[in-house]
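Peer 1: model the following, please.
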Amino acid sequence: MTVTSAPKTRSAGGSGKQSEKSPNGVSAHLRSWVGSARRATVDWLDRPMTSLHLILAIFALMLGIGLLMVLSSSAVTSYRNLGSSFSVFTNQAIYAAVGLLGFFGAQYVPVKFLKTFSLLAVIVSIALLVAVLVPGVGALVNGARSWIRIGGFQFQPSEIAKLALLLWMSQVLAARRSTLGSPKALLIPVLPVFALMAALIMMQPDLGTTVSLAIVFFAVLFFAGAPWWMFASLAGAGVAGVFYLAVSANYRLARMLSFINPESHPDTSYQLLQSLYGMGNGGWFGVGLGQSRAKWNYLPNADSDFIFAIIGEELGFIGTALVIALFALLAYTGLRIARRNSDPFVKIVASAATVWLVGQACINIGYVVGLLPVTGIPLPMISAGGTSLLITMAVFGLLANFARREREAEIALAAAGGSRVARFLGLTPAGPEGRKVLRRRKPAVRKARPAPAPAPRREKAAPPQAGQSARRSTAATGPRPASNPRPASNARPASNARPASNARPASNARPASNPRPATGSRPATGSRPATGSPPATAGRPSSEPPRRNPPRPPGQSGRRSAGSADPRDRRRGN
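Peer 2: Numbering: from 1, shown residues only. A predicted model of the protein is given here:
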């Protein structure tokens, strides 16, 4: 006899545990988590202050990473040349402190001020570009006369020229946005000014800064709405010009050949090869902060043009990915600010400035990893360089200013209070009680008070019509009842009757629908009302002849003349 066991049944709890451990359950939980994270991110991005918070976060992170990496990459060179490992870092920190003042000041500068003084900034920058070419004024550094040195302070006028060209071109093209289809309105005078600046910078010579200036020029044209055929023509001409300049000089041609085949030109491609060796040594997580080997006189310009290679060696792929992610987030935030503003000038400046900074970063990272020829463009906010850091921080301040001018951000800032720390960070507007409207509001329209009701005007009674009494109007009271007939003794004698010449026209006569009884009516000649007049026998002796009132001739006013005859006398005589 064989005993067969019943099949084992899984309880509800057991089946639930197994379903959670199954791949389908894990994927369901993962999809739920991803969906929740996506919804939370979308909700956060829809907040009114998101653009400002992103700009402040990107600025703080880039500034901190830049100062830290300048200290790490320049310590060996500074100690060897100046006797202190903190010399380059101290200089960079001083420029950063001054740049912080410019950053917070640029957040509150009015847009009208930028438009008004943009032309003056272009004129001053051109004057500085001319002055830097004078041998006694301009300082020659690394074969280029690009700096003006005043005492212990030096600055680079070409960096100022890029910001001045950005503001001035944006103001001109924003004012002409309705006529940008015409080549004359689009290119005059912006193209001659750009060509003059580019020529002065190439006389230094500095091809990298010229390429940066061209990025600013084409970015403004693109976001201003230039036609595609015109933009493509100018871009093709620009690329051809850059290629000609790259092969016109021997050292530039050597850079081009070393870029094509670095192993065949070890002398001219020495900097690129050392950069690749250093990044390869970093791996995924790097060799550690401050532990780079390439900065020990192996990699030239390790603290400026090739600082991204030191980041890759010390912080590895994670560090370089963080820097690239910050610039990608900057691109998103800058274009978001431009899209959420309504002023055409703000739109052009925000978008073109974003392309300028991100474009410079792409070129710098490109030639550090060997994707582009070496051009000497610094990495914004991270490479060592005082003037470049100051101008970049000012551009970040303008982006924060435009982020505060978004409509939703203005409403939120105007309605928020704020502590001292919040006002210092630019999260709330300064002012009494922490409340200040950032944009000029239109004055409130006052409601007009209702005009007082005019006093009732007492209309003069219309002169009595034929067959109408002056005391009561039959239109309001109707015909006089026959029960109260007016006695005939109160009627005015026929001698005082007004002649028919003064009677009103028949059009004003009372309609026949409301006839007055014969007892209370007066003669149709328009005589005076009988009420209040003395009886015919009162106040005058019967023996006295009646007063004679002759009729008034036509066109004559006043009383009747005494000598005129009365037709009633002739009637009595008869």
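
Peer 1: all helices of the stretch 1-150 of the chain, in order?
Peer 2: Assigned by DSSP state H, counting those that start in this stretch, the stretch 1-150 of the chain shows helices spanning 12-21, 23-45, 50-82, 87-106, 111-131.

Peer 1: show me the shaky parts of the stretch 351-500 of the chain.
Peer 2: Judged by pLDDT under 70, the stretch 351-500 of the chain has its weakly predicted residues at 416-500.

Peer 1: swap in 50 and give it another go.
Peer 2: Across the stretch 351-500 of the chain, the ranges flagged by pLDDT under 50 are 423-424, 430-442, 469-478, 483, 488-491, 493-497, 499-500.

Peer 1: biggest strand in this structure, by residue count?
Peer 2: strand 144-150 (DSSP state E).

Peer 1: measure residue 139 to residue 316 for me?
Peer 2: According to Cβ to Cβ, to the nearest Å, residue 139 stands 37 Å off from residue 316. For every residue, glycine as well, the C-beta is placed using N, CA and C.

Peer 1: do the same with residue 121
Peer 2: Taken as Cβ to Cβ, the span from residue 121 to residue 316 is 42 Å.

Peer 1: got the contact list for residue 167?
Peer 2: With contact taken as Cβ atoms under 8 Å, 6 or more residues apart in numbering, residue 167 is in contact with 114, 115, 118, 121, 349.

Peer 1: which among the residues you listed count as buried?
Peer 2: 114, 115, 118, 121, 349 (16 or more other Cβ atoms under 10 Å).

Peer 1: got the buried residues for the helix or strand harbouring residue 338?
Peer 2: Element membership for residue 338 (DSSP states H and E) is helix 307-339. Going by neighbour count (16+ other Cβ under 10 Å), the buried part of helix 307-339 is 307-316, 319-320, 323, 326-327, 330-331, 333-338.

Peer 1: what of stretch 122-135?
Peer 2: Buried residues in stretch 122-135 (16+ other Cβ under 10 Å): 122, 125, 126, 128, 129, 132.

Peer 1: cool, and stretch 62-69?
Peer 2: Neighbour-count burial for stretch 62-69, counted by 16+ other Cβ under 10 Å, picks out 62, 63, 65, 66, 67, 68, 69.

Peer 1: separation between the second one and residue 279?
Peer 2: Read it as residue 63. Residue 63 is 23 Å from residue 279, by Cβ to Cβ.

Peer 1: same question, the last one
Peer 2: With the distance defined as Cβ to Cβ, residue 69 ends up 14 Å from residue 279.

Peer 1: shared neighbours, those two?
Peer 2: In contact with both residue 69 and residue 279: no residue, using Cβ under 8 Å, 6+ apart.

Peer 1: confirm that residue 383 sits in a strand.
Peer 2: No. Looking at residue 383 with DSSP: H, G, I helix; E, B strand; the rest coil, it is coil, so not inside a strand.

Peer 1: that one touches residue 304, doesn't it?
Peer 2: Yes. The criterion here is Cβ atoms under 8 Å, and residue 383 meets it with residue 304 at 4.9 Å.

Peer 1: these two - which one has more neighbours?
Peer 2: Each of residue 383 and residue 304 has its neighbours counted (other Cβ atoms under 10 Å); residue 383 has more, 25 against 20.

Peer 1: could you say what helices and strands the longest strand of the chain packs with?
Peer 2: Counting by 3 or more Cβ pairs under 8 Å, 6 or more residues apart in numbering; DSSP states H and E, the packing neighbours recorded for strand 144-150 are strand 138-141, strand 153-155, helix 157-175.

Peer 1: in it, which residues are buried?
Peer 2: So for strand 144-150, counting by 16+ other Cβ under 10 Å, buried means 144, 145, 146, 147, 148.

Peer 1: adding distance to residue 387 and pLDDT, write these out as TSV.
Peer 2: Output for the buried residues of strand 144-150, formatted as TSV (distance: Cβ to Cβ, whole Å; pLDDT from 0 to 100):
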residue	distance to residue 387	pLDDT
144	14	79
145	15	84
146	10	85
147	8	86
148	10	87
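
Peer 1: can you add distance to residue 401 and give the residues you listed back as a markdown table?
Peer 2: Shown next, in a markdown table, are the buried residues of strand 144-150 (distance: Cβ to Cβ, whole Å):
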| residue | distance to residue 401 |
| --- | --- |
| 144 | 33 |
| 145 | 34 |
| 146 | 29 |
| 147 | 29 |
| 148 | 28 |
